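A.B. asks: no sequence on hand, only this structure:
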């Protein structure tokens with residue numbers, strides 16, 4: 001039950017001195033990192049507090065977002081970009097030689113995620129001249 005004091009009384013004036021009214025404060029800001037679990041469920045794998053604009057930009061560059069909805073949207077955007085890259089690679093794979101196609105299949109079988117490009121295998125080249 002709330003207690004009301006008349007604003008003109010000395011007691012109400014003393015209480016008003018001790019009342020702290022804070023306006024909007026942008027920082028500290030809670031930053032979330034959304035990821036998919038191995039089973040495909042959406043999880044928030046990391047939560048950090050940004051104390052300044054510099055820290056916030058640092059977290060954003062690492063995939064964090066301010067708010068859970070924004071973190072989910074950022075995750076979906078990253079997944080969509082990866083899927084588009086994989087679709088481009090599938091289109092370009094049509095013109096590969098048989099040997100290159102086998103290497104691409106080996107790389108695809110080694111992971112369960114989309115591969116936008118096939119990692120280049122180190123090739124043995126011509127030995128350097130010794131002078």
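C.D. replies: Structure received. For clarity, every value in this text was computed on a predicted model and none was experimentally measured.
A.B. asks: switch to C-alpha atoms for all contacts and neighbour counts from now on
C.D. replies: Will do.
A.B. asks: distance of residue 56 relative to residue 29?
C.D. replies: 8 Å (Cα to Cα, to the nearest Å).
A.B. asks: residue 61 too?
C.D. replies: Here the criterion is Cα to Cα. By it, residue 61 lies 15 Å from residue 29.
A.B. asks: more neighbours: those two, which one.
C.D. replies: residue 29 (17 against 10; other Cα atoms under 10 Å).
A.B. asks: can you name the residues that contact that one?
C.D. replies: Applying Cα atoms under 8 Å, 6 or more residues apart in numbering to residue 29 gives the contacts 49, 50, 51, 56, 66.
A.B. asks: narrow those to those in strands?
C.D. replies: 49, 50, 66 (DSSP state E).
A.B. asks: mind giving me the ChimeraX command for buried ones among those residues?
C.D. replies: Buried members of those, identified by 16 or more other Cα atoms under 10 Å, are gathered into one ChimeraX selection as follows:
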select :50,66
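A.B. asks: which residues touch the longest helix anywhere in the chain?
C.D. replies: Of all the segments of type helix in the chain, defined by DSSP state H, the longest one is helix 68-92. Here helix 68-92 makes contact (Cα under 8 Å, 6+ apart) with 32, 33, 34, 35, 63, 64, 65, 114, 115, 116, 117.
A.B. asks: quick one, which of these are buried?
C.D. replies: For the contacts of helix 68-92, a burial check counting by 16+ other Cα under 10 Å picks out 32, 33, 34, 35, 63, 64, 65, 115, 116.
A.B. asks: after the helix or strand harbouring residue 14, next one along is what?
C.D. replies: Assessed by DSSP states H and E, residue 14 sits inside helix 10-18. Downstream of helix 10-18, the next assigned helix or strand under DSSP H and E is strand 29-36.
A.B. asks: now that following strand against helix 68-92, angle please.
C.D. replies: Strand 29-36 runs at 40 degrees relative to helix 68-92, counting by axes from the mean of the first three to the mean of the last three Cα atoms, to 10 degrees.
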